[in-house]
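Enquirer: the sequence and its predicted three-dimensional model are supplied below.
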Amino acid sequence: MRRSGRGAKLKGFGVFAAALFGTAAVLWGAEEAARSRPAPVIWHTVTVREPAPQPVVKTPLDARGIDLEQAIAWDPSPSRLAAFALGQRGDLTVFNLRTGARIARLDPGPGAAKAVWVSDRLLLILTRGNALETYDVWNHVLRWIAALEPPAGTTCRAIAWSGYTNDLFVIFSASWGNEVYEFDTNEHMTLWSLGHLDVEQAYYGATNLTLYVVDAAHRLWSYRAGVLRLVATHVALIRGAGNTVYCAVLGANGEAVEVRAFDGQAWRTVCRLKSSAPVSNLIVDHAGNVYIVSRGLVQDAKGRAARAEPGAFFFPSQSADAALVVKGQAYGVTLD
């Protein structure tokens, strides 16, 4: 029996529609399956360039025998023949800087509050009881000089001297003012004051008879022939050398941003620091180079750095002109 043409057409259309719907269902199912799977991970190769490790300071630790890990301060003599270390109890150890061999151990009275070298031979000591004494390193003689009686509430903030004129200044200060004990070459004592300044630092020029002081407001003053003059503001004293004072210019955060030198006549810029640093971390060596010294790192003014070897630390000198690297009972001079 023959089917009509219309029936054949309907049948063909039904087959086509079924195929079309089947294809759509397959495509929809595939799309849903793709959506249910996580997105493919596309991998890229990335080259990470880490900064080069900081070099380690290779200072030979040839000197031995001094326990500098327990010291709160140390300082070399002018020609680096000897050094002293001030302990936490006020005990003083004088030693050969090159070898570490002990020269003397001193326990002056109630203990030393401050000590400074006035020559290669003579160490000046202020005790915690405000007695002024000297120790002759060559002859091993401890000698009493004077008993100081500063006003109540003051503390000894600075000691300044000249090896050329033998003038010595011991300055006690408080927020309300100061008292200066001056000793001439014959150890004659004069008592006077620098106005109402709260003196924190001091340096006496080697030959220009000028006393420089920095007060709590970070102002540098010069005192000469009875005249007190303001020299600069927003500064802190790093150290003095000859007739020149090296000062840190302070930024808004109170840290050093620049180092300048004043010779009594004019200022010159020594360097600008790459980043600010605490003034107490600054060292100016004998050549006038500036370094930033923390316990584990030493940097120059351009930011180049080197670190201490494991177990070692850097120890800046009291006079801010040298530094040791210390490891246990051994040490070496790394900056001078």
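Expert: Yep, that arrived. Since the model is a prediction, treat every value here as computed from it, not as a measurement. Numbering: from 1, shown residues only.

Enquirer: and the residue most central in space within the chain, what's its pLDDT?
Expert: For the chain, Asn281 is the residue whose C-alpha lies nearest the centre (C-alpha atoms, centre = their mean; 1.1 Å). Looking at Asn281, its pLDDT is 97.

Enquirer: likewise Gln54?
Expert: Value listed for Gln54 in the pLDDT field: 79.

Enquirer: my guess is it meets Arg304, correct?
Expert: No - contact status for Gln54 versus Arg304: not in contact, 9.1 Å apart, counting by C-beta atoms under 8 Å. Every C-beta, even on glycine, is put in place using the N, C-alpha and C of the backbone.

Enquirer: neighbour count for those two, which is higher?
Expert: Gln54 (14 against 11; other C-beta atoms under 10 Å).

Enquirer: could you tell me whether that one really is in a helix?
Expert: No - remark: Gln54 does not belong to a helix; assigned using DSSP: H, G, I helix; E, B strand; the rest coil, it is coil.

Enquirer: contacts only, for the residue nearest to the centre of the chain.
Expert: Asn281 is in contact with Ile292, Val293, Ser294, Pro316, counting by C-beta atoms under 8 Å, 6 or more residues apart in numbering.

Enquirer: which residues does the second one contact?
Expert: It stands for Val293. Counting by C-beta under 8 Å, 6+ apart, Val293 touches Asn281, Leu282, Ile283, Gln299, Phe314, Pro316, Ala323, Leu335.

Enquirer: same question for Gly195.
Expert: Gly177, Leu228.

Enquirer: sec struct for it, please.
Expert: coil.

Enquirer: which residues in the stretch 201-336 of the chain form strands?
Expert: 211-215, 219-224, 227-233, 235-241, 244-250, 256-262, 267-277, 282-284, 290-293, 297-300, 305-307, 313-316, 323-327, 330-335 (DSSP state E, counting those that start in this stretch).

Enquirer: can you redo these as TSV with distance to Arg102?
Expert: Listed next are the strands of the stretch 201-336 of the chain as TSV, based on distance: least, C-beta to C-beta, whole Å:
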stretch	distance to Arg102
strand 211-215	35
strand 219-224	39
strand 227-233	42
strand 235-241	27
strand 244-250	32
strand 256-262	35
strand 267-277	34
strand 282-284	26
strand 290-293	25
strand 297-300	27
strand 305-307	30
strand 313-316	17
strand 323-327	16
strand 330-335	13
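
Enquirer: what's the neighbour count on the nearest residue to Thr210 once chain neighbours are set aside?
Expert: Among residues not flanking Thr210 along the chain, Arg224 sits closest, at 4.5 Å (C-beta to C-beta, 6 or more residues apart in numbering). Neighbour count of Arg224, defined by other C-beta under 10 Å: 14.

Enquirer: so where's the stretch 51-200 of the chain uncertain?
Expert: 51-52 (pLDDT under 70).

Enquirer: alright, that wraps it up for me.
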